[in-house]
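Colleague: Any chance you could fold what I've pasted below:
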Amino acid sequence: MAQIDRALRSNIKLRHLQLVVALDEFRHLGRTSEFLAVTQPAVSKMLSEVEEMLGIQLFDRSRRGTEPTPAGVSLIRFARSVLAEYERTRDEISALEKGVAGRTRVGFMVVAMPTLLTPAIARLKSESAAATILLEEGDLTHLLPKLRIGELDLFVGRLEPGYASPDLLTETLYEEPMCLVAKPDHPLISKKSIFWKDLTESRFVVPPPWASLRVKLEQQFFRHGLQPPEDVIETASFLGQITIVREQSAIALMARSVAEHFSTQGFIKQIKLNVDIDVPPVGMITVRGRQLTPITQRLIEILRDRA
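Modeller: Model (predicted):
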């Protein structure tokens, strides 16, 4: 324990932390050396140095690549957190020196992008053109770990109740219902009266089986005494979803504001059918007790005003 404590406090440098994070990303000594712009022997030597400092093995090496040990997983988590704080502090100091607003990192879901986040960013940039906003799309499963270790400052999207936790601060902004969409010349678009049975033979582009929206969509069919459509394409990508809707005449479940946004551009149209699906509200998540950068605080104020 004393050796590990001494190594973490005094001996390990940023370059060592960058190394273990890169090894976790690439899981290969050669690709890691290319990324870090050093030789492969130098990567091996640096990894051996870290393991010797700590007195533990961090990665299992084989011909297939590198795999973190349980101790390695712990150090990787520590390294990501330290590097995120380093980048945040560096950006804040740089912003103060240059007299600009700094940088914020936002994880988002598509439901928040067209009518909430995009206008909010436009307003923020109008106040300070030099402000930098990093955007990363994903779901809570992917984005919350990054928020917790500091790689993201803010999450904007649906507040799934299953992810509530004492270490997170959540704030509801508004309710956002769902609708069904198809391409403008889809046969169902022109129908004045549509029932759920009219959809059973259609192709659907749907979320993966683990997604709550997938389950709720299937429940709509069961509620009307019908089996869900068998002709489905699964994707968690919004670009994939809207492309398949356009090119394969598929039907998709979409947040109403997102559907309205892309409808005005002629990409899709809403199907005239009430979709009574109970979905969580759209809101924001930050980490409790973490000091937010001024630019992140300003973006939150704008999001509240926009909502």
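Colleague: Could you pull out the helices in the chain for me?
Modeller: 2-6, 14-26, 29-36, 40-54, 70-98, 118-127, 140-149, 212-223, 238-248, 256-264, 294-306 (DSSP state H).
Colleague: Give me the residue ranges of the stretch 101-250 of the chain where confidence is low.
Modeller: Scanning the stretch 101-250 of the chain for pLDDT under 70 picks out the ranges 101.
Colleague: again, only this time at 90
Modeller: Residues of the stretch 101-250 of the chain meeting the criterion pLDDT under 90: 101-103, 126-132, 139, 141, 149-150, 161-164, 190-193, 209-212, 236.
Colleague: could you pull out the strands for it?
Modeller: Using DSSP state E, counting those that start in this stretch, the strands of the stretch 101-250 of the chain run over 103-108, 132-137, 154-158, 168-174, 178-182, 204-206, 232-234.
Colleague: Serialize those to CSV and add fields for distance to K269.
Modeller: All C-beta atoms are positioned from the backbone trio N, CA, C, and that covers glycine. Converted to CSV, those look like this (distance: least, CB to CB, whole Å):
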stretch, distance to K269
strand 103-108, 25
strand 132-137, 24
strand 154-158, 24
strand 168-174, 23
strand 178-182, 7
strand 204-206, 15
strand 232-234, 20
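Colleague: Pipe those strands into CSV and attach mean neighbour count and distance to L116 per row.
Modeller: CSV is the format used below for the strands of the stretch 101-250 of the chain (neighbours: other CB atoms under 10 Å; distance: least, CB to CB, whole Å):
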stretch, mean neighbour count, distance to L116
strand 103-108, 23, 9
strand 132-137, 15, 13
strand 154-158, 24, 7
strand 168-174, 14, 7
strand 178-182, 23, 16
strand 204-206, 22, 23
strand 232-234, 15, 27
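Colleague: right, and these - which one's nearest P281?
Modeller: With respect to P281, and counting by CB to CB, the nearest of those is strand 168-174 at 4.7 Å.
Colleague: ok, and the closest non-adjacent residue to the residue positioned nearest the centre of the chain?
Modeller: Geometric centre of the chain, nearest residue: G138, 2.6 Å, by CA atoms, centre = their mean. In this structure, G138 finds its nearest non-sequential neighbour in G107, 6.2 Å apart by CB to CB, 6 or more residues apart in numbering.
Colleague: From G162, how far off is the one you found?
Modeller: Plainly put, G107 is 17 Å away from G162 if you go by CB to CB, to the nearest Å.
Colleague: So what's the residue count around L147?
Modeller: 22 (other CB atoms under 10 Å).
Colleague: who's the nearest residue to it once chain neighbours are set aside bridged to?
Modeller: Residue nearest to L147 in three dimensions, not counting chain neighbours: F155, with 5.4 Å by CB to CB, 6+ apart. Note on F155: beta-bridge partners G107, I285, judged by DSSP bridges.
Colleague: need the contact list for F155.
Modeller: Neighbour list for F155: V106, G107, F108, L140, L143, L144, L147, M284, I285, T286 [criterion: CB atoms under 8 Å, 6 or more residues apart in numbering].
Colleague: Count the residues that sit near the fifth one.
Modeller: Around L143 there are 24 other residues, counting by other CB under 10 Å.
Colleague: and what of the last one?
Modeller: Each residue near T286 was counted by other CB under 10 Å, and the total is 19.
Colleague: Can you check the pLDDT for it?
Modeller: In this prediction, T286 carries a pLDDT score of 97.
Colleague: Would you confirm that it contacts Q297?
Modeller: No: using CB atoms under 8 Å, T286 makes no contact with Q297, being 9.9 Å away.
Colleague: What does K192 show for phi and psi?
Modeller: The phi/psi pair for K192 (degrees, to the nearest 10) reads phi -80, psi -30.
Colleague: quick revisit: Provide a list of residues in contact with the residue nearest to G138.
Modeller: The contact partners of G107, by CB under 8 Å, 6+ apart, come to E136, E137, G138, L143, K146, L147, L152, L154, F155, V156, G157.
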